[in-house]
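**Q** Give me coordinates for this.
(one chain, ligands or ions: 2)
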Amino acid sequence: MLKPVSSSLRRRNRASEAQMLRTLNTFAVDLMSIPCVEDLFWYVAQNVVGKLGFVDCVIYQADEAQSELKQVAAWGEKNPYGRNIINPLVIPFGSGITGQVALNRHPIIVDDLVGDENYIPDTEPARSEICVPLICGGRVMGVIDSEHPDVEAFGEPELEIFSTVAAMTSAKLELLAETERSQARYKDLVVAHTQLTQETSTRKALEAKLYESRKQEAIGRLTGRFAHEFNNLLTVISGNIDLLTLDTSDAGSLDTLQDAKTASSRGAQLIRDMLAFAQRTRLTPEILDLNGLVSAFGEDCEHSLSRPVERHLANDLWLVTADPAAVENMLLALALNGIEAMPDGGTLKVATENSFHTLPEGQHFPSELLPGRYVKLTVSDQGMGICREQLPQIFDPFFTTKGVGEGTGLGLSMVLGVMRQSGGTIAVQSEVGQGSRFELYFPAAPYGSERSPES
Ligand SMILES: Nc1ncnc2c1ncn2[C@@H]1O[C@H](COP(=O)(O)OP(=O)(O)O)[C@@H](O)[C@H]1O
Ligand SMILES: [Mg+2]
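**A** Ligands and ions are numbered 1, 2, ... in the order given. Predicted coordinates for the structure are as follows:
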């Protein structure tokens, strides 16, 4: 057992006073790196005994309601279990010496515990006791207590040391509480910021979608009305050309009339594409095997365009319900675009595949597909590709990057219109210099459907 603290401290000379100051200094420096309240209490209890030479040290923490103290750390002969309290004492504010200190917020020194009405005897009865409060932000956070087996073990010097330790501990407690509060505030801020960012990007995406669908709807309505009017005019023009052709025998005039007839047929084709974009084409859907159609198209294409068309046809391809003439039209529009994008040569590929759907993210995607079974028809090239800025515009009617007389800007808008009208859609992936890949998604015909006889 250590010598009685009082006599040793009272007899201290200047050298031991300096030693004590150094110890308190080290104590203050150590406190800085302590990360949590629990470690703090155990460090203080252990070092009050170890470095400051007290026989024991017990720390009690006050509860939130400021009504009870609970033993949280104890060091010395009374606690043989190291950093572990088996059965922590709970003392109401006002009860016993520690409870009095918590209630009145003043230190207490008891010179002789025998006969003291406030003394709550412990497993090892003591004769004198010192107890100081821990006060932080106007609240009692707990008390630090030490007992001694001798009478009158504690005096002014011990009170001074204990009060210094208590003040340092309280300051550290305040710092830890503030750190915890600012960490909580930071976490709240991070959560709020994440929510805000998410909301903003969701709102922006929704706005873009809304804008896109309004634009498509407006252009579609306008194009549809214009195409109908123009179609009527073309019918009159073409009818009159036919009548004139019947009445004319002059070869020169017949040539001129033929040119006029060709021009009006081209006009009629443009009108059909515009109506297709406006989803007002009369489609005649059949149960189709796209593999058969793609094979025949590939052969025709190789013949008429003198370019190889690589075909990748899936086995056991599901049947689809689609208008075969419209599908051929779309394949032709996509193939022509692909070939035009590869002026220096390159391979055009057409592929078929069964596909269960939701589309992968990150694709430019004109409309959403309902989940389900689709047959995917892909037309891809190794051409110049499409830049990021133009990608959202390529389905707009009359959008073209080709010269006057070379492009009408109606190919892709026609494809989009027909695909939507058929309950499917089109998706595109493209990188400048890496080629483009257009995917047509046709809803699969119900299981057990029979192919139409002519397809
Ligand atoms: N395979 C492709 N590779 C590169 N650009 C393409 C491709 N397909 C379409 N485009 C771009 O989309 C635009 C619109 O195509 P489209 O609607 O077919 O009209 P057009 O071919 O008459 O210009 C094209 O002018 C071109 O800029
Ligand atoms: Mg085109």
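
**Q** only C-alpha atoms for contact and neighbour calcs from this point on.
**A** OK.

**Q** which element follows the lengthiest helix in the chain toward the C-terminus?
**A** Among all segments of the chain classified by DSSP state H, the helix with the greatest residue count is helix 156-247. Per DSSP states H and E, the first helix or strand lying C-terminal to helix 156-247 is helix 251-277.

**Q** about what we covered before: which strands or helices does the longest helix of the chain pack on?
**A** If you count contacts as 3 or more Cα pairs under 8 Å, 6 or more residues apart in numbering; DSSP states H and E, helix 156-247 packs onto helix 5-10, helix 14-32, helix 37-50, strand 128-136, strand 139-148, helix 251-277.

**Q** Can you give me the neighbour number for the closest residue to residue 323 other than its chain neighbours?
**A** Counting by Cα to Cα, 6 or more residues apart in numbering, residue 285 is the residue found nearest to residue 323 once chain neighbours are left out, at 4.1 Å. Using other Cα atoms under 10 Å, residue 285 is surrounded by 15 other residues.

**Q** now residue 285: how far from residue 84?
**A** 81 Å (Cα to Cα, to the nearest Å).

**Q** now swap in residue 375 and tell me
**A** Counting by Cα to Cα, the separation of residue 375 from residue 84 is 68 Å.

**Q** Between these two, point out the one with more neighbours.
**A** Taking other Cα under 10 Å, residue 375 and residue 84 do not tie; residue 375 has more neighbours (26 against 14).

**Q** which SS class is residue 398?
**A** Three-state assignment for residue 398 (DSSP: H, G, I helix; E, B strand; the rest coil): coil.

**Q** wait, isn't it in contact with residue 406?
**A** No. The pair residue 398 / residue 406 is not scored as a contact, 12.0 Å apart, by Cα atoms under 8 Å.

**Q** The two: which has the busier surroundings?
**A** Higher neighbour count among residue 398 and residue 406: residue 398, with 16 against 9, using other Cα under 10 Å.

**Q** excluding its backbone neighbours, what's nearest the more buried one?
**A** Nearest non-adjacent residue to residue 398 (Cα to Cα, 6+ apart): residue 409, at 3.9 Å.

**Q** Count the neighbours of the one you found for me.
**A** Residue 409 is flanked by 19 other residues according to other Cα under 10 Å.

**Q** Surely it is in contact with residue 415?
**A** No. Using Cα under 8 Å, residue 409 makes no contact with residue 415, being 11.4 Å away.

**Q** where does residue 150 fall, phi/psi-wise?
**A** Torsion angles at residue 150 (phi, psi; degrees, to the nearest 10) stand at phi -100, psi 160.

**Q** That one reaches residue 125, doesn't it?
**A** No. Using Cα under 8 Å, residue 150 is not in contact with residue 125; the gap is 10.4 Å.

**Q** Could you check which of those two is surrounded by more residues?
**A** Using other Cα under 10 Å, the more surrounded residue of residue 150 and residue 125 is residue 150, with 18 against 14.

**Q** In contact with the nearest residue to that one once chain neighbours are set aside, which residues?
**A** Counting by Cα to Cα, 6+ apart, residue 150 lies nearest to residue 127, which is 5.2 Å off, once chain neighbours are set aside. Applying Cα atoms under 8 Å, 6 or more residues apart in numbering, we find residue 127 in contact with 111-114, 147-152.

**Q** Brilliant, that's me finished.
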